[in-house]
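Q: Have a look at this prediction, sequence included:
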Amino acid sequence: MKNTHLALIFALGISPCFAAELESSNIKGLPFSYMDVEKNCVAERNGQQSVAIECKGAQMRSVNRSCSGYISGGLESAKLNCGGALWVLNQKCRIHMLDAQQGEISCTI
């Protein structure tokens, strides 16, 4: 399995060291990485069109306060909305609703 992952990383033209660095590097000016957002935050529907972002861990508290979501159509149209210094998450992260009540956050690097 590990060899398969390494082969994929090399096939994509990414060195293993660089891939690990992307996963663990903090977002500029913030005490966490995109990977931390994915691992520690979930989306929970709290109204007809509103979605709350809930994160565990003290360093993720600013995401709880500055981010929310909204559903403009069906569940596939859930959008992440972060303000202030966290606006960078809007560009790299998306909400993927798993069912009518809960979703996950996915970030691309």
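A: Received it, and whenever you're ready, just let me know what you need. Numbers count the residues shown, from 1 in each chain.
Q: And the average pLDDT for stretch 25-45 is what?
A: Per-region confidence: stretch 25-45 scores 94 on mean pLDDT.
Q: can I get the CA coordinates of that stretch in CSV?
A: In CSV, the C-alpha atoms belonging to stretch 25-45 read as follows (Å, rounded to 0.1, in the frame of the first residue of the first chain):
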residue,chain,number,x,y,z
SER,A,25,2.6,23.7,6.8
ASN,A,26,0.5,26.3,8.6
ILE,A,27,-1.6,28.6,6.5
LYS,A,28,0.3,32.0,6.4
GLY,A,29,-0.5,33.9,9.6
LEU,A,30,-2.6,31.2,11.1
PRO,A,31,-1.7,28.5,13.8
PHE,A,32,-3.1,25.6,11.7
SER,A,33,-2.9,24.0,8.2
TYR,A,34,-5.5,23.2,5.6
MET,A,35,-5.1,19.6,6.7
ASP,A,36,-6.0,20.6,10.3
VAL,A,37,-9.2,22.2,9.0
GLU,A,38,-10.1,18.9,7.1
LYS,A,39,-9.3,16.7,10.1
ASN,A,40,-10.9,18.9,12.9
CYS,A,41,-13.9,20.6,11.4
VAL,A,42,-17.3,19.4,10.3
ALA,A,43,-20.4,21.1,8.9
GLU,A,44,-23.7,20.8,10.7
ARG,A,45,-26.9,22.1,9.2
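Q: roughly how far out does that stretch sit from the chain middle?
A: Stretch 25-45 sits 6 Å away from the centroid of its parent chain (CA atoms, centre = their mean, to the nearest Å).
Q: repeat for stretch 81-98
A: Relative to its chain's centre, stretch 81-98 lies at 7 Å (CA atoms, centre = their mean).
Q: Also stretch 29-49?
A: 5 Å.
Q: Same check on stretch 94-107?
A: 10 Å.
Q: got it, and stretch 101-109?
A: 5 Å.
Q: Tell me how many other residues crowd Ser77.
A: Using other CB atoms under 10 Å, Ser77 is surrounded by 12 other residues. Using the backbone N, CA and C atoms, a C-beta is placed for each residue, glycine as well.
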